[in-house]
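Peer 1: Need coordinates for the following:
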Amino acid sequence: MKTEADSNDITEGTHDDMTRPYLCTVCDKRFRSRRGLDYHKLKHSGDKFYSCTQCQKRFPNQRYLSIHMNAHSSKYKCNECGKCFGSNRELRQHRRIHTGEKPFECSVCSKQFTRAGILVRHSRIHSGEKPYKCHMCDKAFSQSGSLNSHMRVHTGDKPYKCHMCDKAFSLSGNLNRHSRVHSGEKPYKCHVCDKAFSESGGLNIHMTVHTGDKPYKCSVCDKSFSHSGQLQTHKSRVHFCRSMYECPYCGKLCKTKFELKCHVRIHTGAKPYSCRHCSERFTWFHQIKTHLLKSHNEGTWLTCHICQKKFSLSGNLKIHVRRHEGLKPYVCSECPKCFCTATELRSHHSVHLDYKQFCCSLCDESFKCKISVKKHFKKCSVSV
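Peer 2: Residues are numbered from 1 along each chain as shown. Here you go, the predicted structure:
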């Protein structure tokens, strides 16, 4: 099967980036070697002709397969650890792990490396060179891997999926951090009191309890705080009487204009969603979706296989089924409690905070939980 990325479409040495002269004409991605391009072409063509009979790996031609087969034949075997390689060059590079040999030295800082390619990447720290440019926004990177990660901002690709809740991430590191929500793993431990945290940021914040450090200083009055959130609350409450996104009806602070716009509907009774079949109007999107299903038979109901209850949104059905099955995949990193949804876990987390993050805009009294400040605000607004 011939594709646009076939070898006779490759132009060598005529591109702006001379370090990567091999160009894929399908997606414009460039490579340092023809071998790299050959492997990449398989993504477009789907042709994978040469399969290894030992491990099922597939290769674009017989030569690459032959090199790979050496790894199974023990032709190039490390005497130290028994690992096998496809070529003598790969074996030589590997042996440096055991010998500690680092023949490639940086001329600027004298740091040494086992491979030339690693030295090349390191040298860009000193030179500031960023040869990998995004063709969509012109942002540049020093490593190709960083560019590949950045491209997901534009494509929306999230290849790293959580097997517990189907949430997807663009970076593997983000998935690793998220997985601790389910596993309850807390690898970051305080050396003073042995309290443990699922993220390094949580440990850093906690350490200020022991050190008394207050690194966040107010630029207006020089008052200092342990946490950035406390500083932001202080500025909005003390120096800027009204937040940029503060509800004019109840004083609630919203993070975005859109969040405020949605919140204000509670007070105004605005109904921006209108039915195209009748005169009915609705405040929230899920309401019009339910209306279309019930009144006009438009769309498809999502039915619970256990109790036959119907839902208009797939997310609501997923949560509902979890409650039937008793699944609570969201584990608190501070205590053994588990929760059915991420929202419930976030709400619970405030119980463990070393500070009170919710503040009444009328009297400045602080609370750990949002529900507590809501109850207080109702009483406070009556007495004012």
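Peer 1: Please enumerate the helices of the stretch 51-200 of the chain.
Peer 2: 62-73, 88-99, 116-127, 144-155, 172-183, 200-211 (DSSP state H, counting those that start in this stretch).
Peer 1: Make CSV out of these and add mean neighbour count, distance to Ser312 and mean pLDDT.
Peer 2: (C-beta placed from N, C-alpha, C; glycine too.) Listed next are the helices of the stretch 51-200 of the chain as CSV, based on neighbours: other C-beta atoms under 10 Å; distance: least, C-beta to C-beta, whole Å; pLDDT from 0 to 100:
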stretch, mean neighbour count, distance to Ser312, mean pLDDT
helix 62-73, 15, 52, 77
helix 88-99, 14, 56, 85
helix 116-127, 14, 51, 88
helix 144-155, 14, 29, 83
helix 172-183, 15, 27, 83
helix 200-211, 15, 37, 80
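Peer 1: closest to Gly315 out of those helices?
Peer 2: Gly315 lies closest to helix 172-183 among these, at 16.9 Å (C-beta to C-beta).
Peer 1: what inclination does that closest one have with respect to helix 144-155?
Peer 2: Relative orientation of helix 172-183 versus helix 144-155 (axes from the mean of the first three to the mean of the last three C-alpha atoms, to 10 degrees): 70 degrees.
Peer 1: which residues of the stretch 1-150 of the chain score low on pLDDT?
Peer 2: 1-20, 42-49, 56 (pLDDT under 70).
Peer 1: what do you get for the stretch 201-350 of the chain?
Peer 2: 233, 236-244.
Peer 1: Centroid-nearest residue for this structure?
Peer 2: Centroid-nearest residue in the chain, with C-alpha atoms, centre = their mean: Asn174, separated by 3.9 Å.
Peer 1: residues touching that residue, list them.
Peer 2: Tyr160 (C-beta atoms under 8 Å, 6 or more residues apart in numbering).
Peer 1: Now distance to Cys106 too, for the helices of the stretch 51-200 of the chain, in a markdown table please.
Peer 2: Formatted as a markdown table, the helices of the stretch 51-200 of the chain follow (distance: least, C-beta to C-beta, whole Å):
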| stretch | distance to Cys106 |
| --- | --- |
| helix 62-73 | 31 |
| helix 88-99 | 16 |
| helix 116-127 | 6 |
| helix 144-155 | 20 |
| helix 172-183 | 26 |
| helix 200-211 | 28 |
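Peer 1: max-length helix in this protein?
Peer 2: Secondary structure of the chain per DSSP state H: the longest helix is helix 370-383.
Peer 1: Run through who's touching that helix.
Peer 2: 250-251, 347, 350, 358-363, 365, 367.
Peer 1: rewinding a little: which among the helices of the stretch 51-200 of the chain is found nearest to Glu105?
Peer 2: helix 116-127 (7.6 Å).
Peer 1: what angle do the closest one and helix 88-99 make?
Peer 2: 70 degrees.
Peer 1: and helix 116-127, what other elements does it pack with?
Peer 2: Using 3 or more C-beta pairs under 8 Å, 6 or more residues apart in numbering; DSSP states H and E, the elements in contact with helix 116-127 are strand 104-105.
Peer 1: which other residues reach the strand it packs on?
Peer 2: 111-116, 118-119.
Peer 1: That one pairs with which strands, parallel or anti?
Peer 2: With DSSP bridges as the test, strand 104-105 is paired with strand 112-113 (antiparallel).
Peer 1: would you list every one of the strands in the stretch 201-350 of the chain?
Peer 2: 216-217, 224-225, 273-274, 281-282, 302-303, 310-311, 330-331, 338-339 (DSSP state E, counting those that start in this stretch).
Peer 1: Who does the fourth one pair with, and is each partner parallel or antiparallel?
Peer 2: Using DSSP bridges, strand 281-282 pairs in its sheet with strand 273-274 (antiparallel).
Peer 1: returning to what we had before: of the contacts of strand 104-105, which is the nearest to Lys309?
Peer 2: Nearest member of the contacts of strand 104-105 to Lys309, counting by C-beta to C-beta, is Ile118, at 57.1 Å.
Peer 1: Pull out the buried positions in stretch 72-81.
Peer 2: Tyr76 (16 or more other C-beta atoms under 10 Å).
Peer 1: Between its first and last residues, what's the separation in that stretch?
Peer 2: 15 Å (C-alpha to C-alpha, to the nearest Å).
Peer 1: what comes into contact with that stretch?
Peer 2: With C-beta under 8 Å, 6+ apart, stretch 72-81 has contacts from 52, 54-55, 70, 83-88, 90-91, 94-95, 98.
Peer 1: Next: stretch 182-190.
Peer 2: By C-beta under 8 Å, 6+ apart, the list of residues contacting stretch 182-190 reads 162, 164-165, 179-180, 195-200, 202-203, 206-207, 210, 329-333, 336.
Peer 1: could you redo the last one with a cut-off of 10 Å?
Peer 2: The contact list for stretch 182-190 (C-beta atoms under 10 Å, 6 or more residues apart in numbering) reads 162-165, 176, 179-180, 195-204, 206-207, 209-210, 328-338.
Peer 1: how far does that stretch stretch from start to finish?
Peer 2: End to end - C-alpha to C-alpha - stretch 182-190 spans 21 Å.
Peer 1: Go through it and flag the buried ones.
Peer 2: Quick answer for stretch 182-190 (16+ other C-beta under 10 Å): 182, 184, 186, 188.
Peer 1: how far is that stretch from where the chain is centred?
Peer 2: 18 Å (C-alpha atoms, centre = their mean, to the nearest Å).
Peer 1: shift numbering so it begins at 30
Peer 2: Taking 30 as the first residue, the last one we looked at is stretch 211-219.
Peer 1: Look up how far Phe368 lies from Lys347.
Peer 2: 14 Å (C-beta to C-beta, to the nearest Å).
Peer 1: That should have said His164, apologies.
Peer 2: 43 Å.
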